[in-house]
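> Mind looking at a prediction? Sequence and model below.
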Amino acid sequence: MNDDIIGKLTEIFVRFPGIGPKQARRFVYFLLSQTSGSLQNFAKLIAELKTDINQCELCTRFFILGNKRVPICDLCLDPNRDNSQLMIIEKDIDLNNIRKLGVYNGQYAVLGGLIPILEKNPENRIRQDALVRNIEKRQADHNLKEIIIALSVTREGDNTVEYLKSLLQPYEEKGVKISILGRGLSSGTEIEYTDSDTIKNALLNRH
Ligand SMILES: [Zn+2]
């Protein structure tokens, strides 16, 4: 455990995705090179993150609250979106990438993670309760026809697809089509880093 401020900040940056101790320390020294004013602005923005941004009760994505304090995000409430389709994705970045393609106009469910191989408590690795709640609500309200699983084609992604297939089986039996995007993508494909044409093709050719 580090007691000094450089050590404490380094420990925080090490927890960021993809950041090792060396990079974390470089971030701290970069901050030291900034003016007090820009650091105060940075700290203010971080402090505001949780008060200005809410997590949607339905799809669990993060959204900017603005003036209205609402529990459901603008996407879930958008009457122009196709409520017969629901796409399951891992994280907010993936959702934004798919949104930008402009070929999918359905609804979303953000899992918030993937399930590692041999995980004993898979339900704790993903936002399973929220996903089931989301599906149940859309089924009751809008006659849900298709659930599209759009996860990265990695070991964890494939493992999560297998888990979701059994979780979603009761809905499949009720006539909801379950499509998997990964079948059109080559192994190692991560939604976050894949170019738009590849994702677009995989989405249009899903089965
Ligand atoms: Zn939402």
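Nice, I can see it. All values reported here derive from a predicted model rather than from experimental measurement.
> Now stretch 167-180: buried residues?
Leu167, Leu168, Tyr171, Val176, Ile178, Ile180 (16 or more other Cβ atoms under 10 Å). C-beta: built from backbone N, CA, C; applies to glycine.
> Sort out which of those residues are in strands and list them.
Of the buried residues of stretch 167-180, the ones assigned to strands by DSSP state E are Ile178, Ile180.
> With only the CA atoms kept, save whichever strand or helix holds Thr160 in PDB.
According to DSSP states H and E, Thr160 maps onto helix 155-167. In PDB, the C-alpha atoms belonging to helix 155-167 read as follows (Å, rounded to 0.1, in the frame of the first residue of the first chain):
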ATOM      1  CA  ARG A 155     -13.300 -17.200 -25.500                       C
ATOM      2  CA  GLU A 156     -15.200 -15.200 -23.000                       C
ATOM      3  CA  GLY A 157     -17.600 -13.900 -25.600                       C
ATOM      4  CA  ASP A 158     -18.400 -17.400 -26.900                       C
ATOM      5  CA  ASN A 159     -18.800 -18.700 -23.400                       C
ATOM      6  CA  THR A 160     -21.200 -15.900 -22.600                       C
ATOM      7  CA  VAL A 161     -23.200 -16.700 -25.800                       C
ATOM      8  CA  GLU A 162     -23.600 -20.300 -24.700                       C
ATOM      9  CA  TYR A 163     -24.800 -19.200 -21.300                       C
ATOM     10  CA  LEU A 164     -27.200 -16.700 -22.800                       C
ATOM     11  CA  LYS A 165     -28.600 -19.300 -25.200                       C
ATOM     12  CA  SER A 166     -29.800 -21.400 -22.300                       C
ATOM     13  CA  LEU A 167     -31.000 -18.400 -20.300                       C
END
